[in-house]
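**Student:** Sequence first, then the predicted structure, then my questions.
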Amino acid sequence: MAKPEKNKVDKKVRGNELKALGFIIIVLFPMLSIFSVGAYGFIIWMMQAFGPMTGH
């Protein structure tokens with residue numbers, strides 16, 4: 001009788017893991033990518049605005 005209960009738990013855990021993986025792939029990674037590129041651009045912009053003049 002332990003097997004049917006274990007299968008139910010395994011399916012529930014697997015479903016939760018798939019939802020978490022989907023969240024990471026669809027939501028978290030794109031948001032982190034956009035944030036990191038934006039932060040890098042902001043840092044460069046502030047360095048150009050308040051930093052020393054760069055010459056060639």
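**Tutor:** Yes, it's here.
**Student:** Let me see the mean pLDDT of the helix or strand encompassing Val37.
**Tutor:** Using DSSP states H and E, Val37 sits in helix 29-50. Averaged across helix 29-50, pLDDT comes to 96.
**Student:** How far away from the center of its chain is that helix?
**Tutor:** In terms of Cα atoms, centre = their mean, to the nearest Å, the centre of helix 29-50 is set 16 Å apart from its chain centre.
**Student:** Could you give me the buried positions within it?
**Tutor:** For helix 29-50, a neighbour-count test (16 or more other Cβ atoms under 10 Å) marks nothing as buried. From N, CA and C alone the C-beta is placed, and that goes for glycine too.
**Student:** Could you list every helix and strand that that helix packs against?
**Tutor:** For helix 29-50, there is no helix or strand it packs on, judged by 3 or more Cβ pairs under 8 Å, 6 or more residues apart in numbering; DSSP states H and E.
**Student:** now Gln48, nearest residue through space, not along the chain?
**Tutor:** Thr54 (8.0 Å; Cβ to Cβ, 6 or more residues apart in numbering).
**Student:** Please work out how many residues are found near the one you found.
**Tutor:** Burial of Thr54 is recorded as 7 neighbouring residues (other Cβ atoms under 10 Å).
**Student:** Reduced to three states, what does it come out as?
**Tutor:** The local conformation at Thr54, judged by DSSP: H, G, I helix; E, B strand; the rest coil, is coil.
**Student:** any idea how far it lies from Ile44?
**Tutor:** Distance of Thr54 to Ile44, computed by Cβ to Cβ, to the nearest Å: 11 Å.
**Student:** CA atoms of stretch 18-28 as PDB?
**Tutor:** Extracted in PDB, the C-alpha atoms of stretch 18-28 (Å, rounded to 0.1, in the frame of the first residue of the first chain):
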ATOM      1  CA  LEU A  18       8.300  21.500 -13.200                       C
ATOM      2  CA  LYS A  19       6.500  24.600 -12.200                       C
ATOM      3  CA  ALA A  20       9.600  25.900 -10.500                       C
ATOM      4  CA  LEU A  21      11.700  25.100 -13.500                       C
ATOM      5  CA  GLY A  22       9.200  26.900 -15.800                       C
ATOM      6  CA  PHE A  23       9.300  29.900 -13.500                       C
ATOM      7  CA  ILE A  24      13.100  30.000 -13.600                       C
ATOM      8  CA  ILE A  25      13.300  29.600 -17.400                       C
ATOM      9  CA  ILE A  26      10.400  31.900 -18.400                       C
ATOM     10  CA  VAL A  27      10.400  34.600 -15.700                       C
ATOM     11  CA  LEU A  28      13.600  34.700 -13.600                       C
END
